[in-house]
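In: Predicted structure and sequence below. I'll ask about it afterward.
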Amino acid sequence: MTEKIKILIADDHPILREGIKTVLELKGDFEIVGEADSGFKACELVPRLNPDIVLMDIRMEKMDGIKASRNIKLLYPETKILLLTMHDDADYILEALKIGVEGYILKMSDMDKVVNAIKLIMENETYFDPKITKSVATMTTEILKNSKRNEFLEKYELTSRETEIAGLMVDGLSTKQIAEKLNVSISTVSNHRRHVFIKLKVTKLSELISFAIHEGVFIFKEE
């Protein structure tokens, strides 16, 4: 029998916590080991309950989800974190990318999407909701003009294929999905992904997203 994924839910709205708990428990693959109504409580419960993943609301009283995530990642880096966020949490999201959380998702997302995000994260993948990434990018910069975009590509010496794959990564597609979309092998996508990371001097997807947001809205894509 496969072990259930142990989850700690941190949200200051009891009704929302109960709703998430009910749906996840009905799926059969998850065990809700605890609930927290603040970031402070989440930090207190992690060492006691040893969850595999924390579903962490960003906006909470006493201690917000970003501060809590920073503390948890510092003390218990093996604990994975999926942030529950709103469209207008731009500053929080930029900070979350620096902390190294495994993902973020819209707070009111369909639960099947949440389940998928949790499972991806537990397979050592990441899940960054492209709707949130686009929202943050739109709020923080203006779309680059083609001339500026071309200057950027020349500066970092990205090939057209690397550019395309980087854009799909920022859009939330996995390596397998990119391979299927472009009709190439997974190893080919992995090689291009590695080259993108080397050229842009990033080491993981969260850093690539942060880089894209700061350089301009979807620098990798034609609009």
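Out: Thanks, I have it.
In: contacts and neighbour counts: CA atoms only from here.
Out: Noted.
In: Let me see the ranges of the strands in this protein.
Out: Using DSSP state E, the strands of the chain run over residues 5-10, 30-36, 53-57, 80-85, 103-106, 127-128.
In: Tabulate those in a markdown table, adding columns for mean neighbour count and distance to Leu158.
Out: A markdown table is the format used below for those (neighbours: other C-alpha atoms under 10 Å; distance: least, C-alpha to C-alpha, whole Å):
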| stretch | mean neighbour count | distance to Leu158 |
| --- | --- | --- |
| strand 5-10 | 22 | 39 |
| strand 30-36 | 19 | 42 |
| strand 53-57 | 26 | 35 |
| strand 80-85 | 24 | 31 |
| strand 103-106 | 24 | 26 |
| strand 127-128 | 25 | 23 |
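In: Glu35 bridge partners, please.
Out: Taking DSSP bridges as the rule, Glu35 bridges to Ile9.
In: List the residues that contact it.
Out: Taking C-alpha atoms under 8 Å, 6 or more residues apart in numbering, we find Glu35 in contact with 8-11, 17, 42.
In: Widest-spaced pair of these?
Out: Arg17 and Ala42 (13.2 Å; C-alpha to C-alpha).
In: Setting the sequence-adjacent residues aside, check what's closest to His195.
Out: Closest residue to His195 apart from its sequence neighbours, by C-alpha to C-alpha, 6 or more residues apart in numbering: Glu162 at 7.6 Å.
In: wait, doesn't Lys176 sit right on Ile186?
Out: Yes. Applying C-alpha atoms under 8 Å, one finds Lys176 in contact with Ile186, separated by 5.9 Å.
In: got the domain boundaries for the protein?
Out: Domain ranges of the chain: 5-138, 141-215, per automatic domain parsing.
In: can you put those in a markdown table and add mean pLDDT?
Out: Shown next, in a markdown table, are the domains of the chain (pLDDT from 0 to 100):
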| stretch | mean pLDDT |
| --- | --- |
| domain 5-138 | 90 |
| domain 141-215 | 82 |
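In: ok, and which of those domains has the densest surroundings?
Out: domain 5-138 (a mean of 19; mean count of other C-alpha atoms under 10 Å).
In: who touches the residue nearest to Ser185 when sequence neighbours are not counted in this structure?
Out: Spatial nearest neighbour of Ser185, excluding adjacent residues (C-alpha to C-alpha, 6+ apart): Ala179 at 5.6 Å. The neighbours of Ala179, taking C-alpha under 8 Å, 6+ apart as the test, are 185-186, 188-189.
In: Now do the helices in this protein.
Out: Remark: helices assigned in the chain by DSSP state H are 14-27, 39-49, 65-75, 90-99, 111-122, 130-140, 146-156, 160-170, 175-182, 186-200, 205-215.
In: Now do the last one: which elements does it pack against?
Out: This points to helix 205-215. The helices and strands touching helix 205-215, judged by 3 or more C-alpha pairs under 8 Å, 6 or more residues apart in numbering; DSSP states H and E, are helix 90-99, helix 130-140, helix 160-170.
In: Now distance to Asp64 too, for those helices, in TSV please.
Out: Listed next are the helices and strands packed on helix 205-215 as TSV, based on distance: least, C-alpha to C-alpha, whole Å:
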stretch	distance to Asp64
helix 90-99	10
helix 130-140	18
helix 160-170	26
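In: and of the ones you listed, who's closest to Glu31?
Out: Glu31 sits nearest to helix 90-99 of all the helices and strands packed on helix 205-215, at 25.4 Å, using C-alpha to C-alpha.
In: now the angle between strand 80-85 and the closest one, please.
Out: With axes from the mean of the first three to the mean of the last three C-alpha atoms, to 10 degrees as the basis, helix 90-99 and strand 80-85 are set at 170 degrees to each other.
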